[in-house]
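**Q** I'd like to go over a predicted model; first the sequence, then the structure.
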Amino acid sequence: MNIDEYFHKTLFASTIIIGPALAMTLPFVYWVQYRDMLFFPSFLYYVTGTGCISAMLYFGLYVMPDSLKRLKGKKKPAKQLLLLPPPATFVEESKPSEEYHTAEPNIYNKVEEVPPILSPSVPETISKAQQEETAMYKKLYYTYVEKYVRKNLPVEDAQIVLEDIYLAIDNRALDLIVDGRKTRLPFEVKATSKFSSLNTEDIYHIGFVVKFFLKKSNVFGATFIKEVFPNQLREVEFSTVTTKLTSSESKNPSIPIPKVCWGDNRSISKKFGGHITEELIKQI
């Protein structure tokens, strides 16, 4: 309800209530003073006048405005609001401008990362000096196999022995793998066939030469020949093989132990400074 409707309804109610009260008061006063006057005609006059005025006010304030509004509403169609879609907005991705490119700030006491040094057992990381040492090792054992081993073994088995020795050279920085009371090489070798051209003493000499120049223990030499010659040493105990590799005495003419490994020369460092040299290879 707006303020106009509230005012009109209040005025109408006041007129209906106050109008008859005033109309009744005046004849009552006249009747008190002039008892000879008739009360009914005066009362009827004022009540009729008040009712007419109230009806006119009600008709003028409520009936006519509502009728006019209805007539106007029929003549003029209601306005329709045309809803338009919202305009499309495009948000451009912020791209760093080259003009506002800032230089990298100076960092003091910056810790530079140094790449880790890999194990020398990895072929790709072996230094030049180690590569030269490896080449000298392989030349020494190649000379030994060609001079003593190859002529006493089948061609395929002699090549297997040489390749297995090369594996031992490339992985000389690795230790044996201990599994309970058993030991095994840290690399996989290929076993020779079931040939019978060599006796066990010849095989012991090969194991001695392998462990001697590689500066390994008797256990390493015994493990090596047990894996390379499994068929020939199947019946021999591992402890027996280890004991046989402690002696450098060689009376077998097939595959001897070089004289450079005898007596006082059993330690390479005494005569050749602990390195494989051309002079040492010539004495094989």
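**A** Received the coordinates, thanks.
**Q** Residue 64: what secondary structure?
**A** Under DSSP: H, G, I helix; E, B strand; the rest coil, residue 64 falls in the helix class.
**Q** what about it, how many neighbours?
**A** Counted with other CB atoms under 10 Å, the neighbours of residue 64 add up to 11. Backbone N, C-alpha and C define where each C-beta goes, glycine included.
**Q** now swap in residue 194 and tell me
**A** Number of residues near residue 194 (other CB under 10 Å) recorded here: 11.
**Q** What residues does it make contact with?
**A** Neighbouring residues of residue 194 by CB atoms under 8 Å, 6 or more residues apart in numbering: 231-232.
**Q** for residue 161, same thing?
**A** Residue 161 makes contact with 145, 149, 153, 192, 206, 228 under the criterion CB under 8 Å, 6+ apart.
**Q** how near is the fourth one to residue 215?
**A** Think residue 192. Here the criterion is CB to CB, to the nearest Å. By it, residue 192 lies 25 Å from residue 215.
**Q** With the fifth one instead?
**A** Going from residue 206 to residue 215 by CB to CB gives 17 Å.
**Q** if we can go back for a sec, tell me which of residue 192 and residue 215 has more neighbours.
**A** Neighbour count, other CB under 10 Å: between residue 192 and residue 215, residue 192 has more, with 22 against 12.
**Q** Now for that one: which residues touch it?
**A** 153, 157, 160-161, 228-229, 231-232.
**Q** Nearest residue to it in space, ignoring adjacent ones along the chain?
**A** Nearest non-adjacent residue to residue 192, counting by CB to CB, 6 or more residues apart in numbering: residue 157, 4.3 Å away.
**Q** Can you name the helix or strand that the one you found falls in?
**A** helix 155-170 (DSSP states H and E).
**Q** Tell me the buried residues in that helix?
**A** For helix 155-170, a neighbour-count test (16 or more other CB atoms under 10 Å) marks 157-158, 160-162, 164-165, 167-170 as buried.
**Q** all strands of the stretch 101-250 of the chain, in order?
**A** For the stretch 101-250 of the chain, applying DSSP state E, counting those that start in this stretch gives strands covering 177-179, 182-184.
**Q** Any idea how many residues pack against residue 235?
**A** Neighbours of residue 235 (other CB under 10 Å): 7.
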